[in-house]
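Chemist: Structure of the sequence below:
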Amino acid sequence: MKSDIKLIDYLAVRRSIPAFQMCEPGPEKAEIEEILRLASRVPDHGKIAPWRFIVYRGEQRVRLGEELLTLALQTKPELSEEMIQVERSRFTRAPVVVAVVSKAGPHIKIPEWEQLMSAGALCFNVILAANANGYVANWLTEWFAYDERAYPLLGVGPDEKVAGFIHIGSTTFPAIERPRPELADMVTWVGGDD
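Modeler: Okay, the predicted model is just below:
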C-alpha cells in the first residue's frame, strides 16, 4: 500500500490475510500510534468515543497464549495436541494484535446500538490504516472475546466487550481472492426509474 494507489483501486482488491500467514516485520510503536490515530476517525455520534484500544506486542503475547490455553483446558481438558498449539499461538500469529474494546452503555442521547456500530467501524478502520502503512491485517473475534473469564488476562474491564482483535504484520503469501456476494442478492432498490 505504500505506493500512489487510489482509494477506489484499493477497495476493489481489499482483502484480509489470515493471521496464521503473517510474519515479521510488524509495525513499530510510532507506526502503531499512527495507525490508531487514523483508525479513530470513525463515525461517533455524540463524540463520546465509546471504545478504546489494547495493543499486545512482544513476549506478552506468549504469556497470554499460555494463560488462554489454561482457560481452554479448564473447559475442554481433552484438547488434542494440535488444538493445544492453536490455543498457545492465538496472540503470536502476528507481530502485533490490537484489541478494540467497546465501552458501549446506556447514554441519555446515544443509543447503545450506535455505540457498538462505532466500535465495529473502528475495527475496520484499524485494518484500513494498517494497510495504508504497508501492513496486512485481519479482524478476528475468538472464543475469549466472549468469555469474561479471559477479560482480566486481556486487560478488558467488567463493563466492556471485545469488538475484535486486529492482527497486524507482514506476509510472504499472495492475497487470494475469495467469492463475494452478488450485488443483486444484497440490494433492494426503492425509487428511481433507471
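Chemist: If you count contacts, what does the longest helix anywhere in the chain end up packed against?
Modeler: In the chain, with assignment by DSSP state H, the single longest helix is helix 112-132. Counting contacts by 3 or more Cβ pairs under 8 Å, 6 or more residues apart in numbering; DSSP states H and E, helix 112-132 is packed against helix 29-39, strand 51-56, strand 96-102, strand 136-140, strand 161-171. Every residue, glycine included, has its C-beta placed from N, CA and C.
Chemist: Buried deepest among the ones you listed, which one?
Modeler: Of all these, strand 96-102 carries the top mean neighbour count, a mean of 25, counting by mean count of other Cβ atoms under 10 Å.
Chemist: ok now that strand, how far from the chain's centre?
Modeler: Counting by Cα atoms, centre = their mean, to the nearest Å, strand 96-102 is centred 6 Å from the centre of its parent chain.
Chemist: could I have the lowest-mean-pLDDT helix or strand in the chain exported to CSV, CA atoms only?
Modeler: Lowest by mean pLDDT, DSSP states H and E among the helices and strands of the chain is helix 7-13, with a mean of 85. Provided in CSV are the C-alpha atoms of helix 7-13 (Å, rounded to 0.1, in the frame of the first residue of the first chain):
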residue,chain,number,x,y,z
LEU,A,7,-8.7,4.6,-2.7
ILE,A,8,-11.1,3.2,-5.2
ASP,A,9,-8.4,0.9,-6.6
TYR,A,10,-7.5,-0.3,-3.1
LEU,A,11,-11.2,-1.0,-2.2
ALA,A,12,-11.6,-3.0,-5.4
VAL,A,13,-8.9,-5.5,-4.2
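Chemist: Which helix or strand lies directly C-terminal to it?
Modeler: Of the helices and strands lying after helix 7-13 in sequence (DSSP states H and E), the nearest is strand 22-23.
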